[in-house]
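Colleague: Take this sequence and fold it.
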Amino acid sequence: MGSDPPSSNIEIKIHPRRQDNVVHPAVPSPMGVPAASAPPRQQQHLFSEFRPFKRWFPWMVPTFVVANIAMFLITMFINNCPKNSVSCVADFLGRFSFQPLKENPLLGPSSSTLEKMGALEVSKVVHRHQVWRLISCIWLHAGVFHVLANMLSLVFIGIRLEQEFGFVRIGLLYVVSGFGGSMLSSLFIQSSISVGASGALFGLLGGMLSELITNWTIYANKFAALLTLILIIIVNLAVGILPHVDNFAHIGGFVSGFLLGFVFLIRPQFGWVSQRNASPGHIAASVKPKHKMYQYVLWVMSLILLTVGFTVGMVMLLRGVNGNDHCSWCHYLSCVPTSKWSCKSQQVYCESTTIGNQLNLTCLSNGRSNIYLLPDDSTSQVQQLCSQLCN
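Modeller: The predicted structure follows:
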């Protein structure tokens, strides 16, 4: 849904405290030989560092990438530009060719095709109760540049998270964050359709931030990682103030992912992990708690805020509430007008007359007119031609 977070490669090392953060298996030396005097290979085996957290094989994120690319190809196949438009870009691609650049500069399908495939259109969500569009829109993209930018970001951000936390938690984080971004976008941007996985991607960034906070005590270079991550988030949200970028989807996805991170990405403390994996004869001095008290507090508070936020948001959306009526300055979060651009969305209107298979269109905003030959009277074709004429 507009601007996408760049590739994020933030490495966070686990801090090995001397007492209970690193587990060294207590294996007796063979034939009574002390560990210190054992051969190098045996000594390396005896003192190998225990990995406290499971590493997962990342298969879900690549599957999501394939699914998004497949959906884009299906959308282009259904779009069939040569049949439904007067001119196309890259005609040699046949029905996979792109709409004119004036209509879609991202090299992609028409807005009517995206709408048909499940793009987020608030009027249909509110009046026809097509709530599924809040989910389906995150699997659609407006063009080649759009899908490539989003998928590259998903690979660099999502692979690391899936390796650390598994496909179930990261999959839920991705989808629910995308839903949250779509919901906030629907409350504030109601005059145009919206597609893209940017809200879900910002949810992964939000989850990375909350994961670092809730598991603060087990990381070593946490301040550097925190500052880097915050800088990435601020830069990407700042890009969202440009026109034609759905920054409300970014904000909604980020906030959803940030709260979900406290719920899904909580890690146990090293003291508890050490005791759990200690040798059978080992006697612990004291029982270590699995989680810190602040982790429980953040978990409960985040779950409550998520439940209340999604409930209130859906009720407002299905009642047709426009968030801009209750927040006069919120529109600046998605676009800040300057002398270089305007944030007002311009509706295009055309006057048409039809004689046989000849269509005469006149754009009411700029006065331009043209005559087109159409094989049939298609409303979607007329809308596309009007958009091209007025642009």
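
Colleague: Now do the same contact list for V176.
Modeller: Applying CB atoms under 8 Å, 6 or more residues apart in numbering to V176 gives the contacts 203, 256, 260. In this view, the C-beta of every residue, glycine as well, is placed from N, C-alpha and C.

Colleague: you'd agree it is in a helix?
Modeller: Yes. Judged by DSSP: H, G, I helix; E, B strand; the rest coil, V176 forms part of a helix.

Colleague: on that earlier part again, who wins for most neighbours among the contacts of V176?
Modeller: Using other CB atoms under 10 Å as the neighbour test, the contacts of V176 are led by G203, with 32 neighbours.

Colleague: from memory that residue sits against G178, does it?
Modeller: Yes. Shown here, G203 and G178 form a contact pair, counting by CB atoms under 8 Å, at 6.6 Å.

Colleague: overlap in contacts of those two?
Modeller: G253.

Colleague: so P100 makes contact with S85?
Modeller: Yes. Counting by CB under 8 Å, P100 touches S85, with 7.0 Å between them.

Colleague: Could you check which of those two has the larger neighbour count?
Modeller: Ranked by neighbour count (other CB under 10 Å), P100 and S85 place S85 first, with 21 against 18.

Colleague: Can you list the low-confidence ranges for this protein?
Modeller: 1-53, 270-287, 341-342, 344-349, 365-367, 374-381, 383-384, 387-391 (pLDDT under 70).

Colleague: Check which helices and strands the top helix by length along it is in contact with.
Modeller: Among the segments of the chain that qualify as a helix by DSSP state H, the longest is helix 293-318. In this structure, helix 293-318 makes packing contacts with helix 122-127, helix 167-188, helix 198-214, helix 247-264, judged by 3 or more CB pairs under 8 Å, 6 or more residues apart in numbering; DSSP states H and E.

Colleague: Same list (those) but as CSV, adding distance to I304.
Modeller: Below are the helices and strands packed on helix 293-318 laid out as CSV (distance: least, CB to CB, whole Å):
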stretch, distance to I304
helix 122-127, 26
helix 167-188, 15
helix 198-214, 15
helix 247-264, 9
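
Colleague: Figure out which of those is closest to F156.
Modeller: helix 198-214 (10.1 Å; CB to CB).

Colleague: Could you look up the next helix or strand downstream of that closest one?
Modeller: helix 222-239 (DSSP states H and E).

Colleague: Buried ones in that next one, by neighbour count?
Modeller: Neighbour counts over helix 222-239 (16 or more other CB atoms under 10 Å) mark 222, 225-226, 228-229, 232-233, 236-237, 239 as buried.

Colleague: Take the residues you listed and write them to a markdown table, including distance to G356.
Modeller: Formatted as a markdown table, those follow (distance: CB to CB, whole Å):
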| residue | distance to G356 |
| --- | --- |
| K222 | 72 |
| A225 | 67 |
| L226 | 68 |
| T228 | 64 |
| L229 | 62 |
| I232 | 58 |
| I233 | 57 |
| N236 | 52 |
| L237 | 53 |
| V239 | 49 |
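
Colleague: what's the closest of the residues you listed to S185?
Modeller: Comparing the buried residues of helix 222-239 against S185 with CB to CB places L237 closest, at 14.2 Å.

Colleague: Relative to L229, how far out is the closest one?
Modeller: As judged by CB to CB, to the nearest Å, L237 and L229 stand 13 Å apart.

Colleague: Pull the number of nearby residues for V126.
Modeller: There are 17 residues near V126, going by other CB under 10 Å.

Colleague: Okay, and the nearest residue to it once chain neighbours are set aside sits in which element?
Modeller: Among residues not flanking V126 along the chain, G320 sits closest, at 4.8 Å (CB to CB, 6 or more residues apart in numbering). Under the assignment given by DSSP H and E, G320 is not contained in any helix or strand.

Colleague: how near is Y372 to C350?
Modeller: Applying CB to CB to Y372 and C350 gives a distance of 11 Å.

Colleague: Ok, H146 next?
Modeller: Separation of H146 from C350 (CB to CB) stands at 27 Å.

Colleague: Looking at those two, which is more packed in?
Modeller: H146 (24 against 21).

Colleague: three-state assignment of the more buried one?
Modeller: Criterion first, three-state DSSP; result for H146: helix.

Colleague: Quick check: it vs V300, distance?
Modeller: The gap separating H146 from V300 is 38 Å, by CB to CB.

Colleague: go on, N150?
Modeller: Using CB to CB, we find N150 at a distance of 33 Å from V300.

Colleague: The two: which is more packed in?
Modeller: Neighbour comparison, N150 and V300: the larger count goes to N150, with 22 against 12 (by other CB under 10 Å).

Colleague: doesn't M71 make contact with that one?
Modeller: No. Using CB under 8 Å, N150 is not in contact with M71, being 11.7 Å away.

Colleague: Find residues that contact each of those two.
Modeller: Common neighbours of N150 and M71 (CB under 8 Å, 6+ apart) are H141.

Colleague: For the stretch 51-200 of the chain, which segments count as helices?
Modeller: Per DSSP state H, counting those that start in this stretch, the stretch 51-200 of the chain carries helices over the ranges 60-79, 81-84, 111-117, 122-127, 133-136, 144-165, 167-188, 198-214.

Colleague: Which of those sits closest to K54?
Modeller: That would be helix 144-165 among the helices of the stretch 51-200 of the chain, by CB to CB, at 9.0 Å.
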